[in-house]
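*Asks:* Sequence first, then the predicted structure, then my questions.
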Amino acid sequence: MSQQMFELLLKGLWETTVMTGVSGALSFLLGLPLALVLVTTDRGGIFENLSVNRVLGGIVNALRSVPFIILLVAVIPFTRLLVGSAIGIAAAIVPLTIAATPYFARIAEVSLREVDRGLIDAARAMGANRWTILREVLVPEALPGIVSGFTVTLVTLIGASAMAGAVGAGGLGDIAIRYGYQRFETAVMVAVVIVLIVMVCGLQAFGDWLTRRIDHR
Amino acid sequence: MNALIEIERLSENVAPESVGLQGVSRSFGAAVALHDINLSIKRGEIVGLIGRSGAGKSTLIRVLNGLDKPQAGRVVIGGQDITDLDERALQPIRRRIGMIFQHFNLLSAKTVAENVALPLKIAGQGTEVRRKRVMELLDLVGLADKAQAYPAQLSGGQKQRVGIARALAPEPVLLLSDEATSALDPETTGSILGLLARVNRDLGLTVLMITHEIEVVRQIAHRVVVLDGGRVVEEGAVARVLASPQTEVTRALVRGLSPSLPGDLMALVRPLGAQALLRLDVYGPQARLPILSRIAEITGQPARLLHGGLNDVQGEPYGRMFIALGTADAAKLAQVLAALSPISVGLEVLGYVPADV
Ligand SMILES: Nc1ncnc2c1ncn2[C@@H]1O[C@H](COP(=O)(O)OP(=O)(O)OP(=O)(O)O)[C@@H](O)[C@H]1O
Ligand SMILES: [Mg+2]
């Protein structure tokens, strides 16, 4: 492998990592509260508020139904407003976050809903207020599912970041398309795919390990 | 100092010491879980709540701490009507009520110690106080060595004991217990019941305990309430109910502790015969009267105990006896019945048996 190609791959790896890491972290910070709101405002929830629930649920569904490649283009004006430019890594992070947040929120929501109603009753019976129920019961009990769901989200983000090449964000996927697909440099494509496989496997293994560690069920 | 006493008095007033349900009804769709329940529990009383599966027992105790809201009727805890209180207003009241759940409901992400400490944390106790109280309780329920284990690593009975420790941790004045001993062996059940009886005696803890083990009722309850199809079908002093259950449901529930005529004897009972056979239910001091010799005095014939005898509930005797009179004479029989009825809680002529059984 030439020095040049190695540097190319390294740069791509860095760009992919930044895109995935930053949009992943943002979608965790936005998606977890969103999931908590979705679960607790639903019927019988501790913050029951059906209108809030319906509206948020609708927004999440709408965002989830837009194909990423369309979202990528559609949010360009918003991206420009937010980061001052419509191209580059920062610009790619905006649509990636917008796509990943509702995705992760739905996955986290499933874990939160699986928390046994009896555990919430136990906390209520102790005289816990709603925030205590969130902090001591809902989140800790759903945490293993949330962590494994977040791992899935990150893996999906790695894939989606390949498309972000369309807004000039670079990354591994972009290299594969430009060199491998458009210039028929198969070696580059294979190298990229191998790096991606290693990355995804490593991430998944770490996520699984973490999930097992915190899961005491 | 005065202010302190004042505060104590205030908290005494709102404290959920006694319990009252007035005309409480609760349905789930078409299923009636509770129907017009009237029940009151005095401070310091231990009441056993029994009933078949689906009778509404769990629903009843959930109504008592507001986990479930009745559709009709009033719920009064420690003199305060809590029926219409919202979650926030219920919180301080619930902190004085311990609850043991039928399905344990332990938090899987917390260790045993953290589970027991949670109600203390909610009550705003400091770390050091919590740690001490938790160890004290785990000692009491015999789980000190499991403090750092997670619930998933415990046996059913151990989980149940964690639930008991957790319910007792904040020193509640009222304990609502849903099958607290169902998963325990007789020895552990005995020690847990001993613990509850002690807290009841020393701190005046009021206890409402659901159980399907009539033996548990016999050991520690002062009073028993029988629920069936969402209604209270029978209630009274444990000895009275055990001696003479009034309804079919109660009879079925107390069967183990209340003798019935063995099949072979039953087969010999006829509408006519040599000797009248009586069923006599007694409890309290009357149970120890010389009943057989009194009957003999009236009939002039020896009376025989064919089956049954005396048992005791927390020092109080109760029992059911099947007595053959030694005669079939109608006048003598009437005299015997007249003499026995004031001292019994249940009296019935079952029929007649041959003289040689
Ligand atoms: N959340 C609920 N939704 C629908 N029906 C319910 C609910 N809770 C209780 N019920 C119904 O109410 C009735 C009484 O239930 P409850 O749990 O109080 O019975 P139980 O006496 O505690 O029975 P068990 O001894 O089996 O625990 C049952 O018919 C049950 O199906
Ligand atoms: Mg029940």
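*Replies:* Okay, I see it. Residues are numbered from 1 along each chain as shown, chains lettered A, B, ... in the order given. Ligands and ions are numbered 1, 2, ... in the order given.
*Asks:* Not counting sequence-adjacent ones, nearest residue to residue 74?
*Replies:* I'll assume chain A. Using Cβ to Cβ, 6 or more residues apart in numbering or on different chains and skipping residues adjacent in sequence, the residue nearest A:Ala74 is A:Val66, 7.2 Å away. (Glycine included, C-beta is placed from N, CA and C.)
*Asks:* try chain B instead
*Replies:* Counting by Cβ to Cβ, 6+ apart, the nearest residue to B:Arg74 once its immediate chain neighbours are dropped is B:Gln22, at 4.4 Å.
*Asks:* before we move on, what about A:Arg64?
*Replies:* Here the residue nearest A:Arg64, using Cβ to Cβ, 6+ apart, is A:Pro102, at 5.0 Å.
*Asks:* Quick check: next helix or strand after the helix or strand hosting the one you found?
*Replies:* Per DSSP states H and E, A:Pro102 falls inside helix A:89-113. Counting by DSSP H and E, the next helix or strand C-terminal to helix A:89-113 is helix A:117-125.
*Asks:* Could you give the average pLDDT over stretch A:92-101?
*Replies:* Averaged over stretch A:92-101, pLDDT sits at 94.
*Asks:* Run through the residues that contact the closest residue to A:Tyr179 other than its chain neighbours.
*Replies:* Take A:Tyr179 and drop its neighbours on the chain: the residue closest to it by Cβ to Cβ, 6+ apart is A:Val188, 3.9 Å away. Counting by Cβ atoms under 8 Å, 6 or more residues apart in numbering or on different chains, A:Val188 touches A:Met5, A:Leu8, A:Ile175, A:Ala176, A:Tyr179, A:Gly180.
*Asks:* Report how many residues lie close to the fifth one.
*Replies:* For A:Tyr179, the tally of surrounding residues (other Cβ atoms under 10 Å in any protein chain shown) stands at 20.
*Asks:* again with the last one
*Replies:* When neighbours are defined as other Cβ under 10 Å, A:Gly180 has 18 of them.
*Asks:* Against A:Leu154, how distant is the closest residue to A:Val155 other than its chain neighbours?
*Replies:* Leaving aside its sequence neighbours, A:Val155 sits nearest to A:Val200 (Cβ to Cβ, 6+ apart; 5.4 Å). As judged by Cβ to Cβ, to the nearest Å, A:Val200 and A:Leu154 stand 9 Å apart.
*Asks:* same thing with B:His103?
*Replies:* 36 Å.
*Asks:* follow-up on the earlier one: could I get the phi/psi values of the residue nearest to B:Arg74?
*Replies:* B:Gln22 adopts backbone torsions of phi -120, psi 110, taken as degrees, to the nearest 10.
*Asks:* Could you report the pLDDT at it?
*Replies:* pLDDT for B:Gln22: 95.
*Asks:* Could you pull out the buried residues of whichever helix or strand B:Ala331 is part of?
*Replies:* Using DSSP H and E, B:Ala331 sits within helix B:330-340. For helix B:330-340, the neighbour count (16 or more other Cβ atoms under 10 Å in any protein chain shown) marks B:Lys332, B:Leu333, B:Val336, B:Leu337, B:Leu340 as buried.
*Asks:* Excluding chain neighbours, give the residue nearest to the second one in space.
*Replies:* Distances taken as Cβ to Cβ, 6+ apart place B:Ala276 nearest to B:Leu333, at 5.1 Å, with adjacent residues excluded.
*Asks:* same question, the fourth one
*Replies:* Leaving out its chain neighbours, the residue that sits closest to B:Leu337 by Cβ to Cβ, 6+ apart is B:Leu347, at 6.5 Å.
*Asks:* my guess is that neighbour is in a strand, correct?
*Replies:* Yes - counting by DSSP: H, G, I helix; E, B strand; the rest coil, B:Leu347 is part of a strand.
*Asks:* Correct me if wrong: it contacts B:Ser341.
*Replies:* Yes - between B:Leu347 and B:Ser341 there is a contact under Cβ atoms under 8 Å: 5.5 Å.
*Asks:* Show me which of those two is the more surrounded one.
*Replies:* Between B:Leu347 and B:Ser341, counting by other Cβ under 10 Å, B:Leu347 is the more crowded of the two (17 against 12).
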